[in-house]
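> coordinates only, no sequence provided:
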């Protein structure tokens, strides 16, 4: 579904990611892990069209989307749930969801809103509540639900458990399983390396803008050296 080939993205003279390659197949949960500053968020933003690639190629279902505008990428089936969620705090939950469905007709937007609420029941009683009053877990569900209003085939999640308590993080990891069961393909950036490897199919480890390891999630999870060298902690203590 997604293929990234030799991708480099620069901030001025600094290469935030260098010659990165990865693939995501339909129906998979693929994770990106690595230390802060590794380039994970930059990679997702480039794939979603928010940043311009300096070189390399991004393909979505065999279409070269490297130079496409973000709205065209969204309409083609790829949606990003950004770091820090970035919901509209002054709008209601319902309004946030309808904004997320801007690429769809009015009738279809209502149908999609109802589907999202069915998938995330915690939002059903909060539709007329200002999003700024939601808990962290509810806000993350809203951010994901808003992205799903575009009917994506591939969903990019950037640090979905960032700032959440362990209990609410458990809710998010359960949501990832729910999204997979709903037929979505997921590419997830996550700081909690052990937890995401426990639910992912495959993973890539980034450090200093480069892929330093990749493989099946159980194989990466078993590699103590990766956690000690690249992730800065022992796997048993995560």
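Noted; the coordinates are in hand. Bear in mind the structure is a predicted one, so any value in this text is a computation, not a measurement. Numbering: from 1, shown residues only.
> tell me the secondary structure for the closest residue to residue 183 other than its chain neighbours?
With sequence-adjacent residues excluded and distances taken as Cβ to Cβ, 6 or more residues apart in numbering, residue 183 is closest to residue 27, at 7.6 Å. For the C-beta atoms, the positions are set from N, CA and C on the backbone; glycine is no exception. Secondary structure state of residue 27, per DSSP: H, G, I helix; E, B strand; the rest coil, is coil.
> residue 58 too?
Reduced to three states by three-state DSSP, residue 58 is strand.
> the spatially closest residue to it that is not a sequence neighbour and residue 220, how far apart?
Once flanking residues are discounted, residue 58 sits nearest to residue 66: 4.8 Å by Cβ to Cβ, 6+ apart. Look at residue 66 and residue 220: by Cβ to Cβ, to the nearest Å, they are 28 Å apart.
> can you check residue 50 too?
27 Å.
> neighbour-wise, which of those two wins?
residue 220 (23 against 15; other Cβ atoms under 10 Å).
> which residues sit in contact with the more buried one?
197, 203, 205, 213-214, 226 (Cβ atoms under 8 Å, 6 or more residues apart in numbering).
> rerun at 7 Å
197, 203, 213, 226 (Cβ atoms under 7 Å, 6 or more residues apart in numbering).
> inside strands: which ones of those?
203, 213 (DSSP state E).
> how about residue 36, phi and psi?
Dihedral pair for residue 36: phi -60, psi 140, per degrees, to the nearest 10.
> where in the chain is pLDDT low?
232-238 (pLDDT under 70).
> where along it do the helices fall?
Along the chain, counting by DSSP state H, helices occupy 40-47, 70-75, 93-100, 106-119, 136-148, 166-181, 193-199, 217-221, 224-229.
> what residue lies at the spatial centre of this protein?
residue 157 (1.3 Å; Cα atoms, centre = their mean).
> distance of that residue from residue 225?
In this view, residue 157 and residue 225 are 27 Å apart by Cβ to Cβ.
> what's the answer for residue 110, then?
Taking Cβ to Cβ, one finds residue 110 at 51 Å from residue 225.
> that concludes my questions; thank you for your assistance.
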